[in-house]
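*Asks:* Model the following, please.
(2 chains)
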Amino acid sequence: MDSTTSELATSEPAVRTPLASTARDGLKIAIVGGFGVGKTTMVRSVSEIRPLNTEETMTRAGVGIDDARSADGKTTTTVAFDFGRISLNDEMVLYLFGAPGQERFWFLWDRLFSGTLGAVVLVDPRRLEDSWYAIDRLEHHGTPFVLARNNFGPPEYTLDEVREALSLPAQIPMVDCDARSRESSKAVLIALVNHLYTLSAARERAL
Amino acid sequence: MIRRPVDSGDPDRLYTVTNGRTRANEDAFDLVTLIVSECEPSPGMQSEHVRILRMCDRPTAVVEIAAELGLPVGVVKILLCDLLDTGRITARHPRTSPRRAQLPDTEILKQVLVGLHNL
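*Replies:* Below is the predicted model of the structure:
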């Protein structure tokens, strides 16, 4: 059971910050990446609340999954995820989910993240291969995404080289970021929504 | 690094909380459906219901309720079904389509962009 994929520390006080009473429209963006890549750091840098953690479990008949297997042969899959939120205006609230990239998580994607606006794939430049699986799954689920390289130092490769290494199509935006910086994380989210806007405008023109 | 314990270590307790039910209507609530209380907690009410009603004095997303109660999302959905069925809460569902590969229209995305720029 490694549902301890969270990067959250819990020393902060549990003070709730309520939403405006006019809030009525929740939106979702997922930040996907391997362990320790900075998902929670990014959520924290732009969230108006301290990041919270919760989990979902799913019981199903299945094979090849780890975790507890009960007597009736069913498996229980548990995934933990962190989230934060941004009030965009009086009515719209954007929730940011730090989603673990590991395999079992994707069994719960449709259940948890259907209706997600899009995703940020956060990559550690030293461990590019960690993001292959996430990219493949997002493409499979038809979820639009951008790739953000969280720089832990001067980058060794250009973004073009990274694109080539990941065989990422040219239309998928790539940005450099520092997940600890609010401005930088904000720029990543804006890059994603701009990308969604482009896709949505193209679709509307085609109608 | 310590996580706040989500109450998954004791299945018996979760079973009790939900009166033995293990599944909610999956489509009744999204993670970001906003829940609003329509009444005050009353005496004799299950403690989880009381906490939800207090918390949702202002709109609160399903996922935030789960985090605050320390319960898995699926269990919270079952509790919310009870409250919704008896008219004690109302649910504000997301406008964006839950269907796969369905992009929101540009008008919504424009508002998201304005909100992000104003951060």
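
*Asks:* Can you name the next helix or strand after the helix or strand of chain B with the lowest mean pLDDT?
*Replies:* None of the helices or strands of chain B scores lower by mean pLDDT, DSSP states H and E than helix B:11-17, at a mean of 65. Remark: after helix B:11-17, the chain's next helix or strand is strand B:34-37, criterion DSSP states H and E.

*Asks:* Go through the next helix or strand after that following strand and flag the buried ones.
*Replies:* The helix or strand immediately downstream of strand B:34-37 is helix B:47-55, counting by DSSP H and E. Within helix B:47-55, the residues that count as buried by 16 or more other C-beta atoms under 10 Å in any protein chain shown are B:48-49, B:51-53, B:55. (Glycine included, C-beta is placed from N, CA and C.)

*Asks:* and B:Val17, what does it touch?
*Replies:* B:46, B:48, B:71, B:75, B:79 (C-beta atoms under 8 Å, 6 or more residues apart in numbering or on different chains).

*Asks:* Name the nearest of these relative to A:Arg50.
*Replies:* Relative to A:Arg50, the closest of the contacts of B:Val17 is B:Leu71; by C-beta to C-beta it sits at 19.1 Å.

*Asks:* pretty sure the closest one is touching B:Arg51, no?
*Replies:* No: with contact defined as C-beta atoms under 8 Å, B:Leu71 does not reach B:Arg51; the gap is 10.1 Å.

*Asks:* about what we covered before: just the buried ones out of the contacts of B:Val17, please.
*Replies:* The buried subset of the contacts of B:Val17 (16+ other C-beta under 10 Å) comprises B:46, B:48, B:71, B:75, B:79.

*Asks:* Would you mind listing where chain A has pLDDT under the threshold?
*Replies:* The model of chain A has pLDDT under 70 over residues A:1-15, A:59-75.

*Asks:* the longest helix in it is where?
*Replies:* What stands out as the longest helix in chain A, according to DSSP state H, is helix A:182-206.

*Asks:* Which positions within the lengthiest strand in chain A qualify as buried?
*Replies:* Criterion DSSP state E: the longest strand present in chain A is strand A:74-87. Buried positions in strand A:74-87, judged by neighbour count with 16+ other C-beta under 10 Å: A:75-87.

*Asks:* Hey, what's the angle from that strand to helix A:182-206? Just curious.
*Replies:* 100 degrees (axes from the mean of the first three to the mean of the last three C-alpha atoms, to 10 degrees).

*Asks:* How far off centre is strand A:74-87?
*Replies:* 11 Å (C-alpha atoms, centre = their mean, to the nearest Å).

*Asks:* Check which helices and strands it sits against.
*Replies:* Under the contact definition 3 or more C-beta pairs under 8 Å, 6 or more residues apart in numbering or on different chains; DSSP states H and E, strand A:74-87 sits against helix A:39-46, strand A:52-61, strand A:92-100, helix B:62-69, helix B:106-117.

*Asks:* Contact partners for B:Arg53?
*Replies:* Arg isn't right for residue B:53; it's Leu. Contacts of B:Leu53 (C-beta under 8 Å, 6+ apart): B:37, B:39-41, B:45, B:83, B:88-89.

*Asks:* repeat for A:Ala165
*Replies:* Residues near A:Ala165 by C-beta under 8 Å, 6+ apart: A:128, A:157.

*Asks:* Helix or strand for it, just tell me which one.
*Replies:* helix A:159-166.

*Asks:* Give me the buried positions along that helix.
*Replies:* Burial within helix A:159-166, assessed by neighbour count using 16+ other C-beta under 10 Å, is assigned to A:159, A:162-163, A:166.

*Asks:* now those in CSV, with distance to B:Ile108?
*Replies:* Formatted as CSV, the buried residues of helix A:159-166 follow (distance: C-beta to C-beta, whole Å):
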residue, distance to B:Ile108
A:Leu159, 29
A:Val162, 31
A:Arg163, 29
A:Leu166, 30
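
*Asks:* Now do the same contact list for the residue minimising distance to the centre of chain A.
*Replies:* Centroid-nearest residue in chain A: A:Ile31, 1.6 Å away (criterion: C-alpha atoms, centre = their mean). Contact partners of A:Ile31, counting by C-beta under 8 Å, 6+ apart, are A:39, A:42-43, A:96-99, A:119-120, A:122.

*Asks:* Any chance of CSV for those residues, columns distance to chain B and neighbour count?
*Replies:* As requested, these are exported to CSV (distance: C-beta to the nearest C-beta, whole Å; neighbours: other C-beta atoms under 10 Å in any protein chain shown):
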residue, distance to chain B, neighbour count
A:Lys39, 14, 30
A:Met42, 13, 31
A:Val43, 13, 29
A:Leu96, 11, 25
A:Phe97, 8, 25
A:Gly98, 12, 29
A:Ala99, 11, 27
A:Ala119, 13, 27
A:Val120, 13, 27
A:Leu122, 17, 29
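
*Asks:* Contact partners for the closest residue in space to A:Arg182 that isn't next to it in sequence?
*Replies:* Counting by C-beta to C-beta, 6 or more residues apart in numbering or on different chains, A:Ser45 is the residue found nearest to A:Arg182 once chain neighbours are left out, at 4.7 Å. By C-beta under 8 Å, 6+ apart, the contact set of A:Ser45 is A:179-182, A:184-185.
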